[in-house]
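**Student:** just to be clear, the model below is a prediction. Sequence and coordinates:
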Amino acid sequence: MKIHKVLNVRAVSKTAFILRFNREGKNFEPGLHISVGLPGDENRPYSIYNGVGKDYLEILVKEIPNGLVTPKLKRLKPGNEIKVGKPRGYFCLPDNYNGEKLCLIATGTGIAPFHSFIESYPNLNYHLYHGVKDLSEAYDLNFYNSESITLCTSRTEEGDVMGRVTKAMKNIKVDQFDYFYICGSYEMLDEVYELLEDKGVKRDKIKTEGYF
Ligand SMILES: Cc1cc2nc3c(=O)[nH]c(=O)nc-3n(C[C@H](O)[C@H](O)[C@H](O)COP(=O)(O)OP(=O)(O)OC[C@H]3O[C@@H](n4cnc5c(N)ncnc54)[C@H](O)[C@@H]3O)c2cc1C
């Protein structure tokens, strides 16, 4: 792991924040994750949030009360040092990707790799379904083209769909999409995966990234 310097910590809700740090020459593909922690301390994996063209790296982190790492990351200030591992993972666009339509499905901070996809490729052909409790968890909502995102709010009526993201998935026509990417809690992953399979989507068209 290499030492990187914190550039900025931007709050996006009461508990979530975007940690920006210098890139130290790291190259990555959108969808990969990196291990991040304080020097000499535990580290955790985080999906890269920013697009490939930026000269910094960002991660979107939700503070977990009594978590070992996230409260420390939230307290970081510009100039502080963190250790960062090499980008890893498989949650990337398909080999030979040629503009096919993507269905991107996330809960909470699971939107992070999709933000990286879209910031990397502004003309990406996608529709994003984001499941959150309420509007406060719709991180950087204005970044997304409003026609390309369906916000599913489970505890309020502020979103496009009131209910969990699985409710929205039940109503989609799967043949309008070529690939399905699902990111967030294992519970949601399992539910959505099963639902897509029941609708006839082939396994090689579905990619998943589980967080907890
Ligand atoms: C490949 C991968 C990518 C990840 N990317 C991100 C990311 O982009 N942003 C992000 O915030 N997290 C991400 N995570 C989760 C992250 O690695 C940590 O697990 C999380 O930040 C908690 O760390 P902690 O040390 O503070 O809590 P810990 O001390 O490790 O955990 C405390 C408890 O909280 C639970 N927990 C962990 N995460 C959550 C959560 N989000 N919501 C509810 N309960 C939780 C754990 O299961 C545990 O029981 C990713 C995980 C993986 C495997």
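**Tutor:** Perfect, I can see it now. Numbers count the residues shown, from 1 in each chain.
**Student:** where does Glu100 sit: helix, strand or coil?
**Tutor:** The three-state label given to Glu100 by DSSP: H, G, I helix; E, B strand; the rest coil is coil.
**Student:** can you check Pro94 too?
**Tutor:** Classified using three-state DSSP, Pro94 is coil.
**Student:** so what's the residue count around the residue lying closest to it once chain neighbours are set aside?
**Tutor:** Distances taken as Cβ to Cβ, 6 or more residues apart in numbering put Tyr179 closest to Pro94, at 6.3 Å, once the chain neighbours are dropped. (Glycine included, C-beta is placed from N, CA and C.) Applying other Cβ atoms under 10 Å, we find 18 residues neighbouring Tyr179.
**Student:** Tyr179 against Lys205, yeah?
**Tutor:** Yes: between Tyr179 and Lys205 a contact is recorded at 5.4 Å, counting by Cβ atoms under 8 Å.
**Student:** partner residues bridging the residue nearest to Pro94?
**Tutor:** Leu102 (DSSP bridges).
**Student:** who's in contact with it?
**Tutor:** Contacts of Tyr179 were listed using Cβ atoms under 8 Å, 6 or more residues apart in numbering, and they are Pro94, Glu100, Lys101, Leu102, Cys103, Lys205, Ile206, Lys207.
**Student:** for Tyr56, same thing?
**Tutor:** Contacts of Tyr56 (Cβ under 8 Å, 6+ apart): Leu7, Arg20, Phe21, Asn22, Arg23, Asn50.
**Student:** and the residues you listed, which is closest to Arg164?
**Tutor:** Asn50 (27.9 Å; Cβ to Cβ).
**Student:** which parts of the chain sit against the ligand?
**Tutor:** For the chain, the contact set with the ligand under Cβ under 6 Å from any ligand atom comprises 33, 44-47, 59-62, 64, 67-70, 108-109, 112, 209, 211-212.
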